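[1] this is a predicted model, with the sequence first.
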Amino acid sequence: MATRKLDRRMFMGLAAAGAVTVTGLGGFLALEGRVGSRLTGRSFINLFETTGGRFVGYRRNHAKALAVSGRFESNGAGAEVSSATVFAKGVHPVVGRFSVGGANPHQPDTGSGQALALEFSLPGGQQWRTAMAAAPVFMAPTPEMFYGLLSARLSGDKDRAAAFIRDNPAAAAAQKLIEAAPKASSFAEATYNSLNTFIAVGKDGARTPVRWQVIPDGNNAGTPAKIGPNWMFEALAKAIRGGELRYRLLLQPGVPGQDPTHDPTLPWPADRPQIDVGTLVLGHAIVQEQERIRDTNFDPTVLPNGIEISDDPILTARAAIYAESFRRRARETPAPVEPFGQDA
């Protein structure tokens, strides 16, 4: 029976990776594991395991997480730029996970590094998966530079890390933007960004580069008491246990030919208008949902009709890395679900 469960988990994850083949090259790279001229998804996952440890059954990054379930209340405004059904006026089921970066699911909370991954279930069996972070930009423009930066940072050698930043201006500029951005000490009050650029395809075939944000909508969580190693997750679990968290989903259309689509370290001009496309409501996930969310590969290139990947090379790298992480844990005994008091 255990073998059948693991096989089913692997099938689901590979099916999710296969779903991106409709976007073309991104799906091919995800399945083949190639992310650059010399790198593969295995290269990154090996690095995570070597430097951060190997924790059986867990994701190789963003291992520490809390599952949530809810809905997206679309107001229809997103149909201005995309034909995706998620932006038609209506309500769509959503599941997701709040997490922090790192391979260790038992690492103590620091009040930073928040991330949010979501899966929208749409008509006709389509899905939209997005993996966002509480950072304004990504840390490197190419898979090769991303790998070099991770290698330097995770080595524990401060001089090596400083030298890498000094020798790679793009990574240095991204680091400055990330460090200067406003910080939230809770999941409830953080703003989550798509990091990468995508292409919204309208009903008339018009193609518009877009980025998106999930911003808190009246989540008055207060300052969490920093008691114990899981204080940030326990504060999130308490907030969910007492009700629901609300966020606004904002699309930011770019100007074709002016706003960069290929480099996720470059911010777009601050005066680019945003479209408020609806309300995201997240709350308690029952145990069965928590287990399914644990087993889901939140590959950001799993997209519905009306949204496509851009020429950003980091997108295909993320797909390959996520797929390799899934393949490894799917062969292992599933990790226990940690509710952090959500079910208390």
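    Right, received. Where do you want to start? Every value quoted in this text rests on a predicted model; they were computed, and no experiment measured them.
[2] mind showing which ranges of the stretch 101-250 of the chain have poor pLDDT?
    221-222 (pLDDT under 70).
[3] please enumerate the helices of it.
    Counting by DSSP state H, counting those that start in this stretch, the stretch 101-250 of the chain has helices at residues 143-154, 158-167, 169-180, 231-241.
[4] of all the ones you listed, which gets the most neighbours per residue?
    helix 231-241 (a mean of 22; mean count of other C-beta atoms under 10 Å). (Glycine included, C-beta is placed from N, CA and C.)
[5] so which elements touch it?
    strand 64-74, strand 90-100 (3 or more C-beta pairs under 8 Å, 6 or more residues apart in numbering; DSSP states H and E).
[6] repeat the analysis, applying 6 Å as the threshold.
    Contacts defined by 3 or more C-beta pairs under 6 Å, 6 or more residues apart in numbering; DSSP states H and E place helix 231-241 against no helix or strand at all.
[7] next one: it to chain centre, how far?
    On the basis of C-alpha atoms, centre = their mean, to the nearest Å, helix 231-241 sits 20 Å off its chain's mean C-alpha point.
[8] next: stretch 333-340.
    Using C-alpha atoms, centre = their mean, the offset of stretch 333-340 from its chain centre is 19 Å.
[9] contacts for it?
    G57, Y58, L66, N230, F233, E234, A237, Q290, E291, R294 (C-beta atoms under 6 Å, 6 or more residues apart in numbering).
[10] if you set the cut-off to 8 Å instead, what comes out?
    2, 5-6, 9, 55-58, 63-67, 105, 230, 233-234, 236-237, 287, 290-291, 294-295, 329 (C-beta atoms under 8 Å, 6 or more residues apart in numbering).
[11] now do stretch 281-292
    Contacts for stretch 281-292 (C-beta under 8 Å, 6+ apart): 67-73, 94-96, 240-241, 243-247, 293, 334, 337, 339, 342-343.
[12] how about a cut-off of 7 Å?
    67-71, 73, 95-96, 240-241, 244-246, 293, 337, 339, 342 (C-beta atoms under 7 Å, 6 or more residues apart in numbering).
[13] how about it: buried residues?
    By 16 or more other C-beta atoms under 10 Å, the buried positions in stretch 281-292 come out as V281, L282, G283, H284, A285, Q290, E291, R292.
[14] before we move on, what about stretch 126-144?
    Counting neighbours by 16+ other C-beta under 10 Å, the buried set in stretch 126-144 is 126, 128-144.
[15] which of these fall within strands?
    Under the assignment DSSP state E, those contribute W128, R129, T130, A131, M132, A133 to strands.
[16] wait, which of those residues is closest to G101?
    A133 (7.9 Å; C-beta to C-beta).
[17] quick revisit: what is the most widely separated pair among the buried residues of stretch 281-292?
    By the measure C-beta to C-beta, V281 and E291 form the most distant pair in the buried residues of stretch 281-292, at 21.7 Å.
[18] not counting stretch 234-241 itself, show me its contacts.
    66, 68, 98, 186-188, 221, 224, 245, 283-284, 339-342, 344.
[19] nearest to D312, of these?
    Distances from D312 to those, taken by C-beta to C-beta, are shortest for F98, at 24.3 Å.
[20] wait, a strand at T279?
    Yes - according to DSSP: H, G, I helix; E, B strand; the rest coil, T279 belongs to a strand.
[21] just to revisit the earlier point, using a markdown table, lay out the buried residues of stretch 281-292 together with secondary structure and distance to F198.
    Below are the buried residues of stretch 281-292 laid out as a markdown table (DSSP: H, G, I helix; E, B strand; the rest coil; distance: C-beta to C-beta, whole Å):
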| residue | secondary structure | distance to F198 |
| --- | --- | --- |
| V281 | strand | 23 |
| L282 | strand | 22 |
| G283 | strand | 27 |
| H284 | coil | 30 |
| A285 | coil | 26 |
| Q290 | helix | 28 |
| E291 | helix | 29 |
| R292 | helix | 25 |
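[22] just put the residues you listed in TSV and tack on pLDDT.
    Shown next, in TSV, are those (pLDDT from 0 to 100):
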residue	pLDDT
V281	98
L282	97
G283	96
H284	93
A285	93
Q290	94
E291	95
R292	96
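[23] which one of those residues is nearest to D311?
    Taking the buried residues of stretch 281-292 together and measuring to D311 by C-beta to C-beta, the closest member is L282, at 31.6 Å.
[24] for that closest one, list each beta-bridge partner.
    G70, L245 (DSSP bridges).
[25] how close does it get to D217?
    11 Å (C-beta to C-beta, to the nearest Å).
[26] cool, and V201?
    28 Å.
[27] what do you get for A115?
    19 Å.
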